[in-house]
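> model this:
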Amino acid sequence: MSHNKYHLPKGTSAEGPYDLLVTPESAGWGYSGLGIVTLKPGEAHTLSTGESEFLVLPLADGCTVAVDGQSFELEGRTGVFASVTDFAYVPRGSEAVISSASGGRFALPSARTERGGLPARYGRKEDVPVELRGAGACSRQVNNYCLPGTFDAEQLLVCEVLTPGGNWSSYPPHKHDEARPGMESELKEIYYFEVSGGEDGFGYQRVYGTPDRPIDVLAEVRSGDAVLIPHGWHGPSIAAPGYDLYYLNVMAGPGQERAWLICDDPAHGWVRSTWETQDVDDRLPFGEN
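Okay, the predicted model is just below:
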């Protein structure tokens, strides 16, 4: 088991009502954040957004989000491998009350922003673009909740990646740690993991640096773990055979243009060309077979 400071095993970053709490300050980068909260039936959680914008993204079951005089009923889902979910956007400088009659588990991805002005609003699951990316053993599913062109936010970028057991995702390894117009954007990223198979399920996450900015992570990840990526090449994310791997990606950075621009590790980028002659894994998409 990794003890790298960038790997946060389940429970090691719990605080108050949160199963996991990563703030821009605790991460040491000042941009993206993530909370995971579990509510018992009838419980409520008050979210004060302060200088950040948030999503309320159900991981298991549904909830009601009351914010700025509105109330959003989120149907949610039975689990992360079952389907995409509806969600709510909560702007900077707001207070939201998240309540659940049935109880459930909810992700609260966030991004620090100096702007404001976007209203609280509801995101329909029917409008979430579901992308099948890669092919062969690199096949994975990407649920694009809050990316440029899919859902408006000030700085926040959020997607989910679901990888069938035995496959590799976040591959070829890529990075987004420099501001290079039209080529690469600077984004600080959080990976939050869930794995099928209960406590026995596991996968692996790799992060490695460039010569001038070293970082070295090879973490065995299980449900409830997180990995922080301040810079460097990240990938692969490896799903062990027999165990499907889910991760939530939360990104934000200092750039005023909200963009997700990445570059592949040139040593491995050629792998993309091999997908042209392979089929997409027939276990995808999840929840529809």
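
> Could you use CA atoms for every contact and neighbour count after this?
OK.

> Would you mark the buried spots in stretch 215-235?
215, 217-235 (16 or more other CA atoms under 10 Å).

> Can you show me the strands along the stretch 101-250 of the chain?
Counting by DSSP state E, counting those that start in this stretch, the segments of the stretch 101-250 of the chain that form strands are 104-112, 121-123, 130-133, 140-146, 157-163, 168-169, 174-175, 188-195, 203-210, 213-221, 226-229, 233-239, 245-252.

> Quickly note the distance from the residue of the chain most remote from its centre to A135.
Distance from the C-alpha centroid of the chain, by CA atoms, centre = their mean, peaks at T277 (29.6 Å). Going from T277 to A135 by CA to CA, to the nearest Å gives 9 Å.

> What of S102?
38 Å.

> The two: who's more crowded?
More crowded of S102 and A135, by other CA atoms under 10 Å: A135, with 19 against 13.

> which residues touch the nearest residue to that one once chain neighbours are set aside?
With sequence-adjacent residues excluded and distances taken as CA to CA, 6 or more residues apart in numbering, A135 is closest to V280, at 4.3 Å. For V280, the contact set (CA atoms under 8 Å, 6 or more residues apart in numbering) comprises L132, G134, A135, G136, S139.

> just checking, what packs against the host helix or strand of G35?
For G35, the enclosing helix or strand under DSSP states H and E is strand 32-39. Contacts defined by 3 or more CA pairs under 8 Å, 6 or more residues apart in numbering; DSSP states H and E place strand 32-39 against strand 18-22, helix 24-27, strand 104-112, strand 188-195, strand 245-252.

> Could you look up the SS state of R272?
When classified by DSSP: H, G, I helix; E, B strand; the rest coil, R272 comes out as helix.

> do the same with the one 4 residues further on
Per three-state DSSP, the secondary structure class of E276 is helix.

> show me what contacts it?
E276 makes contact with A135 under the criterion CA under 8 Å, 6+ apart.

> Now with 10 Å, please.
G134, A135, G136 (CA atoms under 10 Å, 6 or more residues apart in numbering).

> how about CSV for the residues you listed, with pLDDT and distance to Y243 added?
Listed next are the contacts of E276 as CSV, based on pLDDT from 0 to 100; distance: CA to CA, whole Å:
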residue, pLDDT, distance to Y243
G134, 98, 19
A135, 98, 18
G136, 98, 17
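
> shaky segments in the chain?
Applying pLDDT under 70 to the chain flags residues 1-3, 288-289.

> orientation of whichever strand in it runs longest relative to strand 157-163 in degrees?
Longest strand of the chain, by residue count under DSSP state E: strand 52-67. Per axes from the mean of the first three to the mean of the last three CA atoms, to 10 degrees, the angle that strand 52-67 makes with strand 157-163 is 90 degrees.
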